[in-house]
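**Student:** What follows is a predicted structure for the sequence shown.
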Number of protein chains: 2
Amino acid sequence: MSQFAGRDAVAPAVMVPDFPDLPEATVSRLPEYLRALHQLAQLGHDTVSSEALATAAGVKSAKVRKDLSQLGSYGTRGVGYDVDRLVQQIEQVLGLSQRRNVAVIGAGNLGHALAGYAGFPSRGFRISALVDVEPARVGERLYGIPITHLDDLAATVAAEKIAIGVIATPAGAAQQVADRLVGAGVKCILNFAPCVLSVPTDVDVRSVDLAIELQILSFHEHRRTRSALDGVTDGAVPHPVSHTPARKVV
Amino acid sequence: MSQFAGRDAVAPAVMVPDFPDLPEATVSRLPEYLRALHQLAQLGHDTVSSEALATAAGVKSAKVRKDLSQLGSYGTRGVGYDVDRLVQQIEQVLGLSQRRNVAVIGAGNLGHALAGYAGFPSRGFRISALVDVEPARVGERLYGIPITHLDDLAATVAAEKIAIGVIATPAGAAQQVADRLVGAGVKCILNFAPCVLSVPTDVDVRSVDLAIELQILSFHEHRRTRSALDGVTDGAVPHPVSHTPARKVV
DNA sequence: GTTTGTGAAACGCTTCACAGCG
DNA sequence: CGCTGTGAAGCGTTTCACAAAC
C-alpha cells in the first residue's frame, strides 16, 4: 500500500511521500538499515531480502518488513528490495539528501576526537565549526576546522548554516551551552555531557552518557555472576538468556 | 512490597534483595537516577520526592515510583526517599559496589579521549588498560594507563581483571577485536565502531554509533522543516510536539 | 518456490488514578 | 495533608502467521 500524501504540486525526480508519523522506534532503526545497506552495496549486492538485511542489521526480518512498509517502500515479492533504491529512500526520509553542518562545542579531548572522526562525511555530516571558551585555542584549526569562540556562537551558526550542535563540554557548562545553541536557533542537540538539559519543546536533544552505558553493562555482569553463585539453590535453570542486541555467533 | 528472595544464608550488613528480572527499561534508567541523586546529594538534599527526582532525571514521577518499587525500595509516604540510602541501593543493584576495570581497545583519537575522560572514576569504573596494534604506541603510557599490544589481550585481561571491553577501533577491525575479547573471557562490550558485532549469547554488547545519533536528529530536523513548508496545505496544526527526552524549559 | 506486506495477537512499557500509610 | 506503592487501563512495539504477488 503506497501512501503518497501531501500536495500534488511539482514533484522531484524521485517521488517522495510524506511521513506524518513514522514510529519513533522505526526512525531509530532506519540509520542501522542504512549502514547495513551501504555495506551490502559495497559487497556487490543489487538486491536484498528482509532476512538478509535483518541479519546484517542485527534484528528480526519481520521487523525489517514492518519498518520498510511504513516508508511505502516497494520490495518485490519473491525477490527482495533493490539496495540502491532503498538507500535513496532512507536517505531521503532521514533528510540526508543535503549534507548537514555540525558544530562541536568544546575542543577538549572528546571534541578533538569528534573533529577527527573520519566516518561523518560519508554519512551525511560535516563538522563545520569547533567552538571553545579558551582564548588560547581560538583561531587555531583542527583537521582543517576553525576554532571559534563561544561568544561568537550565533554568528558561527549563521555563517556555517549549522543544523546540529554537539555538546562536548564538562557537565557544568552544558546547560549554558545548550541555552546559547537554542538562542542561536539550533534545534537539534547531541549532548555528551553527563546531565539533563532543559530546552524548549521544539528542540530535540539526544544524550549519550558513556558512564551510563558502562553502568548498564555492569548490571548485566553483576547479575550474571550473582546467578552463577546461587545457581544451586533452586531449580536447575541452565542460564538466563542474554539481552544482547547483537547477532548470534556464526 | 518487599521481595527478598534467594538463600537465607549469611546476609551482608545491608540487606540485599535479588533481582531475577528487573525490566530492561528500568535498568537503563537506574543510572540516570543515580546521576541525579549524586547531584541532589551534593546540593544538600537528604531526602527526595519522586516528583523532584523525576524532574532532575528528566522523566515522569510515576515512572520513578514504579522503577524504584521494583527494587523493593523503601520510600517513606508523606516524605520521599532517603537520598544516601537510594544511592547505595542503586549502586548495589548495578553492581557498582566494587569498581569495574575497563580495557579500551584502540588508542586512536577516541581511545585517547576515553582514557582521559575524568568522569569514570567517580562512577564506578577505572580504565586499566589501553590496547593497540601499533607497535610504536605499545609501551607508552597515556594518563598513566599503559598501552599493551592486542596480541597480549588475554594476558592483560587476566592481569588487570578486566570486566568490560570498549571497542574504539575502525569498523574493519571491530569484529576481530570482539572475537579476541570474547576469547579472553570478557562478557561485556561497549562498541563504538559503526558495525554489528557477532558474539555468543552470553556476551552483552551495547553499541554507540555517533553518526546514527546525528541521523536520528537529522530526521526530526527534516520533518520540522518539511511540515513548516506545507503547513498551509491542510488544517492549521500549530506545530508537531517534539520528542525530546529533555525537561521543558524552566 | 520465494519473499513481501499486513492484519491480529502478544508483549512490555508508560500513565493514570487512588487506596493506604506516615 | 503529602507522598508512596500499585492495580488497571492505555499505548506503542514486536512477533506471528499467512494470503497475495512474483
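**Tutor:** Right, received. Where do you want to start?
**Student:** Just give me the residue closest to the centre of chain A.
**Tutor:** Among the residues of chain A, the one closest to the centroid is A:Pro31, at 6.6 Å (Cα atoms, centre = their mean).
**Student:** Checking that one next. Helix, strand or coil?
**Tutor:** Classification of A:Pro31 by DSSP: H, G, I helix; E, B strand; the rest coil places it in helix.
**Student:** Can you give the domain ranges for chain A?
**Tutor:** Following the assignment in automatic domain parsing, chain A carries domains at A:24-94, A:100-210.
**Student:** okay, how far is it across the shortest one, tip to tip?
**Tutor:** As for domain A:24-94, its first-to-last residue distance stands at 12 Å under the measure Cα to Cα, to the nearest Å.
**Student:** who touches whichever strand or helix holds A:Ala228?
**Tutor:** Following DSSP states H and E, one finds A:Ala228 within helix A:210-229. If you take Cβ atoms under 8 Å, 6 or more residues apart in numbering or on different chains as the criterion, helix A:210-229 is touched by A:192, A:194, A:239-240, A:242-243, B:18-19, B:22, B:27-28, B:30-32, B:34-35, B:93-96, B:100, B:102, B:114, B:117, B:119-120, B:123-125, B:163-164, B:187-190, B:202, B:204, B:206, B:208. Where C-beta positions appear, they are placed from N, C-alpha and C, glycine not excepted.
**Student:** Quick check: residues of chain A near DNA strand D?
**Tutor:** Residues of chain A that fall close to DNA strand D, judged by Cβ under 7 Å from any atom of the strand: A:23-26, A:59-60, A:62-63, A:65-66, A:76-79.
**Student:** how much space between the residue nearest to the centre of chain A and B:Phe219?
**Tutor:** According to Cβ to Cβ, to the nearest Å, A:Pro31 stands 9 Å off from B:Phe219.
**Student:** what's the overlap in contacts for the two?
**Tutor:** A:Leu94.
**Student:** Separate out the buried members of the residues of chain A next to DNA strand D.
**Tutor:** A:Thr26, A:Val59, A:Arg65 (16 or more other Cβ atoms under 10 Å in any protein chain shown).
**Student:** Closest to A:Gln39 out of those?
**Tutor:** Looking at those and their distance to A:Gln39, the nearest is A:Val59, at 14.8 Å (Cβ to Cβ).
**Student:** got a pLDDT number for that closest one?
**Tutor:** Listed pLDDT for A:Val59 reads 98.
**Student:** any idea how far the lengthiest strand in chain A is from the chain center?
**Tutor:** Scanning chain A for the strand with the most residues, using DSSP state E, yields strand A:125-132. In terms of Cα atoms, centre = their mean, to the nearest Å, the gap separating the centre of strand A:125-132 from the centre of its chain is 17 Å.
**Student:** Would you give the sheet partners of it, along with the direction of each?
**Tutor:** Paired strands of strand A:125-132, with direction, are strand A:100-105 (parallel), strand A:145-149 (parallel) (DSSP bridges).
**Student:** closest one to B:Gln88 among those strands?
**Tutor:** With Cβ to Cβ as the measure, strand A:100-105 is the member of the strands paired with strand A:125-132 nearest B:Gln88 (35.1 Å).
**Student:** Not counting its own residues, what contacts the closest one?
**Tutor:** A:111, A:114-115, A:120, A:124-132, A:150, A:153, A:156-157, A:160-169, A:177, A:181, A:186, B:214, B:218, B:221.
**Student:** Show me which of these are buried.
**Tutor:** Buried among the contacts of strand A:100-105 by 16+ other Cβ under 10 Å: A:111, A:114-115, A:120, A:124-125, A:127-132, A:150, A:153, A:156-157, A:160, A:162-169, A:177, A:181, A:186, B:214, B:218, B:221.
**Student:** Could you see whether DNA strand C lies near the helix or strand A:Leu34 falls within?
**Tutor:** Assigned by DSSP H and E, A:Leu34 belongs to helix A:24-42. No - counting by Cβ under 7 Å from any atom of the strand, DNA strand C has no neighbours in helix A:24-42; the shortest distance is 10.9 Å.
**Student:** buried sites along that helix?
**Tutor:** For helix A:24-42, by 16+ other Cβ under 10 Å, it's A:26-27, A:29-37, A:39-40.
**Student:** With distance to A:Thr225 as added columns, please give these in CSV.
**Tutor:** Formatted as CSV, those follow (distance: Cβ to Cβ, whole Å):
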residue, distance to A:Thr225
A:Thr26, 36
A:Val27, 36
A:Arg29, 32
A:Leu30, 37
A:Pro31, 34
A:Glu32, 31
A:Tyr33, 35
A:Leu34, 37
A:Arg35, 33
A:Ala36, 34
A:Leu37, 39
A:Gln39, 35
A:Leu40, 38
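**Student:** In CSV: the residues you listed, plus pLDDT and distance to A:Gly106.
**Tutor:** Shown next, in CSV, are the buried residues of helix A:24-42 (pLDDT from 0 to 100; distance: Cβ to Cβ, whole Å):
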residue, pLDDT, distance to A:Gly106
A:Thr26, 98, 32
A:Val27, 98, 27
A:Arg29, 98, 29
A:Leu30, 98, 29
A:Pro31, 98, 24
A:Glu32, 98, 27
A:Tyr33, 98, 31
A:Leu34, 98, 28
A:Arg35, 98, 26
A:Ala36, 98, 31
A:Leu37, 98, 33
A:Gln39, 97, 32
A:Leu40, 98, 36
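**Student:** Contact partners for A:Ala113?
**Tutor:** B:Asn109, B:Leu110, B:His112, B:Ala113.
**Student:** gap between the second one and A:Ala155?
**Tutor:** Meaning B:Leu110. B:Leu110 is 30 Å from A:Ala155, where distance means Cβ to Cβ.
**Student:** Likewise for A:Leu130?
**Tutor:** Distance from A:Leu130 to A:Ala155, by Cβ to Cβ: 14 Å.
**Student:** Local confidence estimate at the nearest residue in space to A:Asp84 that is not next to it in sequence?
**Tutor:** Leaving aside its chain neighbours, A:Asp84 sits nearest to A:Ala41 (6.8 Å; criterion: Cβ to Cβ, 6 or more residues apart in numbering or on different chains). Listed pLDDT for A:Ala41 reads 98.
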